[in-house]
Each structure stands twice: as structure tokens, then as C-alpha cells.
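>>> predicted coordinates and the sequence they were generated for:
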Amino acid sequence: MKRYLIPAFCLVSSFVMADSITLKSGEQLKGDVINDGPDGILIDYYVTPTIRDQRLVVRDDIAKISVIPPDDKAYGELGSLASPATLLDTSFHDSLIEKKIPDFLSCYPYSKHLSELRARLASLAAERSRIREGDRKVEGTWYTHAELEADPYQTTAMLQSASIKERALAGDPVAALQQYELLEKNFPGSRVFPDALDAAVDQIDRLKERLAKARADFDVMDKKRQAALALARADQAKELKDAIDREAATSKGAMLKAQADGTRFFPVFPGNKESFDALQALADTERQRLVTLQKTPMREGLKASAEASRLADAGSLKEAQDQLAAAQKLWPANHDVVVITSQLDQKNKAAALQKTTPSATSQSSK
């Protein structure tokens, strides 16, 4: 019985591609018909979602064949062509623009999807140009390079926070926590920090769940490994032990690399108990620290600083100063306090100067 890898993206052939064959017995074979001959229909079908096999089906046994045109199947294999809500780099665009869509256009020059794909290709190229010029999209909103440069502290923090969310959605708590650590280190007073802090606590919980599963799996695997070591010949036992040592060294290297990158979290290594213990201890202590940090009334401090800014713009400098003092007391790290303090100082100096400088009207009357 022949089993093999799934065929490449584009096959230049006259094979009939079918979605499924339903047999008179009720059995359904899903895959691709690769030959329709006198002896029957040869189908390359899915045994499991990842394994394919071939089977020759006698024509008399077939109740129905559902055929999908080759270009429709290839079009489906392109995946989603809609841009994600957050775009921090060109990785989404590059594969579509440089390979996937051009390959489709080359393989199926008469497809009904051509007009749509050409329009989408132009749209993707325009988006990629924006990103290369420094624009970014965060949760559906585009920010120009000029807008990002106008307030680099807050906007860079916003992009860092978006990166945390992306990695969390991808199911990678370690990467999300690494991004959080960089955010806390570089932008601890940013407006996005309270939300990022909440996300970090959630990702630590996700990591702890993963560690619990890995630890349970390790206990089973380690028993098998120890049994194999006991039964193996000396040379085989040495090879197995060397493999275990290499995994331990890789785990240690990842820990050191994470520290060198300015973070402490590192990937979960299923075969290394030492890495579980280190990550578990880190997750426990870090969660406790972050939960304590969550008790800081950061959002209240942000509201107070926003009100101080509004009052300052309205010319109510005394009231603005009072709100700013409240904001600083609520959340001392609030970066907006620093910015608004500087703005208020300038406004107060301008107001004082105006009081001490005789007006043009009073000078002319004298």
C-alpha cells in the first residue's frame, strides 16, 4: 500500500480532481481522484487529517462523485486573503504577494478567481508599501508614520501591546510574556500598560496549564525512557543518554538566551524536568508580583491625567494642577503626568509673563 506526501501546490496535468467519492455501502472517501481508467477510479484520499493513501474503486461500487474544479481547490488552499486587524510587519503580505498568488495566476490563467485575486494583489501591495514606509495597523486602525513619531513613547508601547495580543491569540504564552517583559521594562507608564498587565497575568495562567500537562506527560515519558535505558545495550544506552543531555543543554541555552534578550521566560521543553521547575517557579513568583501590581489604581490615574490635560487646554490651570497631583498620587509611574507637568509649567509661565507685561492698550493710554 503506497503512502506519500501531499502533492505540491500546482500540478500541471489532466487528472480529474474530486472532493469525494461516496460508495454504495455508504462509505465516503475524501481526497483527489488521480486516475479515471477502465479498471475503476484511483483516488488519493485522507486516511486521517494528515495521512493520505491510494485506493482503486471499482466503478460499480460508486454511488456518487462530487468534483471540485482544480482552481477552486487551489483557491481554497490560499487561505484567508483578508488582512489581519493588526499589522506590525509585512510577514502576512510577503508570502501572498511573492509566491502564493503569483503561483495561482501562473497555474490557472483562465480561473474565474483571476479578477478578484489581481485586485487583492494590488490591495496587498499597497498595504505592504504603507508598512514599509512606517505605517502600522492596530486593531483595525491605521496609524501613519508621522502619527507614530509624534508621541513615540505611547505609540511604541501601543505596538508592543499589540504584539502581546498577537502572540496570545497564536497560543504562545511564553512569547506573549516575553513581549510583556519588554513593555514593562521600556514603557512602564504607558496608557496601554494596565491592559497589558492584565493580559500578562492571563498568559501566566495559560503557561501554568501548559506546564501542568507537560509535567504529567513527562512522568509517563520518563518511565518509558528509564525502562528503555535499563533494557538497552551499552552503546544504545549511551546514545539515549547523550540525547537526554543534549535536550538539557538546549533547554539551558534557551534560558540563557531569554535572559540575554532581556526576558526571563523561555519555551517549555517536554523532556526536561529542570526546565519545568524553573518555569514553574518563575511563573509563580511573577504572577504574585503582577497581581500585586494590578492593585495600583492605574486606570483611575489615567482618567485623572486626561482630565488635567483637558482643564489645562481650557485654561483652568489651578484645577488642572489639582487633577495632575491626584493623577500622580494614584499612579506615580504614569508617563502622562510628566508630559502634562511640562505643559502646565509652560502655560503657567506664559500666564505669569502676561500679567507682568503691560498691555499695548495701557501703554498707549500713558
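Nice, thanks for sending it over. Numbers count the residues shown, from 1 in each chain.
>>> so K165 sits against P84, correct?
No - contact between K165 and P84 fails when scored by C-beta atoms under 8 Å: they sit 10.9 Å apart. Yep, even glycine has a C-beta here, placed from its N, CA and C like the rest.
>>> neighbour count for those two, which is higher?
K165 (18 against 13; other C-beta atoms under 10 Å).
>>> ok, that one - contacts?
For K165, the contact set (C-beta atoms under 8 Å, 6 or more residues apart in numbering) comprises 86, 176, 199.
>>> can you put these in JSON lines and add neighbour count and distance to A157?
Shown next, in JSON lines, are these (neighbours: other C-beta atoms under 10 Å; distance: C-beta to C-beta, whole Å):
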{"residue": "T86", "neighbour count": "18", "distance to A157": "15"}
{"residue": "A176", "neighbour count": "27", "distance to A157": "15"}
{"residue": "A199", "neighbour count": "21", "distance to A157": "13"}
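>>> filter these down to just the ones in helices.
Counting by DSSP state H, the part of these found in helices is 176, 199.
>>> between the contacts of K165, which is nearest S316?
A199 (35.9 Å; C-beta to C-beta).
>>> got the contact list for the closest residue in space to that closest one that isn't next to it in sequence?
Nearest non-adjacent residue to A199, counting by C-beta to C-beta, 6 or more residues apart in numbering: I164, 5.6 Å away. By C-beta under 8 Å, 6+ apart, the contact list for I164 reads 176, 179-180, 183, 196, 199-200, 203.
>>> now do the SS call for I164.
Secondary structure for I164, judged by DSSP: H, G, I helix; E, B strand; the rest coil, is helix.
>>> neighbours of the closest residue to D195 other than its chain neighbours, how many?
Of all residues not flanking D195 in the chain, S161 sits nearest, at 6.7 Å (C-beta to C-beta, 6+ apart). Counted with other C-beta under 10 Å, residues neighbouring S161 total 23.
>>> try K112
For K112, the neighbour count with other C-beta under 10 Å is 11.
>>> hmm, it is touching Y75, no?
No - in this structure K112 lies outside contact range of Y75 using C-beta under 8 Å: 9.0 Å.
>>> before we move on, back to that, could the contacts of I164 be laid out in JSON lines, adding pLDDT and distance to Q28?
Shown next, in JSON lines, are those (pLDDT from 0 to 100; distance: C-beta to C-beta, whole Å):
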{"residue": "A176", "pLDDT": "96", "distance to Q28": "41"}
{"residue": "Q179", "pLDDT": "94", "distance to Q28": "45"}
{"residue": "Y180", "pLDDT": "96", "distance to Q28": "47"}
{"residue": "L183", "pLDDT": "96", "distance to Q28": "50"}
{"residue": "A196", "pLDDT": "97", "distance to Q28": "48"}
{"residue": "A199", "pLDDT": "97", "distance to Q28": "43"}
{"residue": "A200", "pLDDT": "97", "distance to Q28": "47"}
{"residue": "Q203", "pLDDT": "97", "distance to Q28": "41"}
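>>> what two of the residues you listed are the furthest from one another?
Comparing all pairs in those by C-beta to C-beta, the longest separation belongs to L183 and Q203, at 12.3 Å.
>>> need phi/psi at D39.
When read as degrees, to the nearest 10, the backbone of D39 gives phi -80, psi -10.
>>> repeat for S190
Recorded main-chain torsions at S190 are phi -80, psi 160, according to degrees, to the nearest 10.
>>> let's have the chain start at 55 instead
Happy to do that; since the first residue is 55 now, the last one works out to S244.
>>> how much space separates the residue nearest to it when sequence neighbours are not counted from S145?
Once flanking residues are discounted, S244 sits nearest to A211: 3.4 Å by C-beta to C-beta, 6+ apart. According to C-beta to C-beta, to the nearest Å, A211 and S145 sit 22 Å apart.
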